[in-house]
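Engineer: next come a sequence and a model predicted from it.
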Amino acid sequence: MVTFLSITVAVLFLLIAIFQVLLALGFPLGEFALGGFHKVLPKKWRFVSIGNAVILILFAWIFLQHAYILESILPFSTHVFVWIIAIFLALNSIANLFSVSKKEKYVMTPLSAAACILCFWIALL
């Protein structure tokens, strides 16, 4: 069960990372992210999207290691990271609820909440 859930959440993280890369490349998806204030992210905000993509790829990597799909290079368990990511996503989901952008609120909040639920489920197994 942990393997299936970890693959699912890793795929979700990778899809959102692709979305972040598209934002960084100037695609008109800015209303779905970072408060939704810009249809196309300003150049200085595109670096934030690149950072977000890197973090999301790291999250996916952690979950694939947690399920022993990828060989661990960490000298310690990923369990603590799974909990930290789950808590982060809970806070992120709450913050997205208060976004002034309806697109961010109604698209990204459910994605973040789904990832959060999966992460807590994995952490509890």
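Structural biologist: Perfect, I can see it now.
Engineer: packing partners of the helix or strand where residue 9 lies?
Structural biologist: Counting by DSSP states H and E, the secondary-structure element that holds residue 9 is helix 2-24. Contacting helix 2-24 under the criterion 3 or more C-beta pairs under 8 Å, 6 or more residues apart in numbering; DSSP states H and E are the following elements: helix 43-66, helix 109-124. Where C-beta positions appear, they are placed from N, C-alpha and C, glycine not excepted.
Engineer: quickly note the distance from the residue nearest to residue 102 when sequence neighbours are not counted to residue 105.
Structural biologist: Nearest residue to residue 102 in three dimensions, chain neighbours excluded: residue 36, at 7.8 Å (C-beta to C-beta, 6 or more residues apart in numbering). Distance, residue 36 to residue 105, using C-beta to C-beta, to the nearest Å: 8 Å.
Engineer: what residues do these two have in common as contacts?
Structural biologist: When contacts are counted by C-beta atoms under 8 Å, 6 or more residues apart in numbering, residue 36 and residue 105 have residue 99 as shared neighbours.
Engineer: burial check on the residue nearest to residue 102, number of neighbours?
Structural biologist: Residue 36 is surrounded by 18 other residues when neighbours are defined as other C-beta atoms under 10 Å.
Engineer: next up, the contacts around it.
Structural biologist: Residue 36 makes contacts with 30, 99, 100, 101, 102, 103, 104, as judged by C-beta under 8 Å, 6+ apart.
Engineer: what's the closest non-adjacent residue to the last one?
Structural biologist: Using C-beta to C-beta, 6+ apart and skipping the chain neighbours, the partner closest in space to residue 104 is residue 36 (4.5 Å).
Engineer: pLDDT score for the one you found?
Structural biologist: According to the per-residue confidence, residue 36 scores 90 in pLDDT.
Engineer: okay, and residue 85 sits in which element?
Structural biologist: Assignment of secondary structure by DSSP H and E places residue 85 within helix 79-97.
Engineer: show me what counts as buried in that helix.
Structural biologist: By neighbour count, and taking 16 or more other C-beta atoms under 10 Å as the criterion, the buried residues in helix 79-97 are 81, 82, 85, 86, 88, 89, 90, 92, 93, 96.
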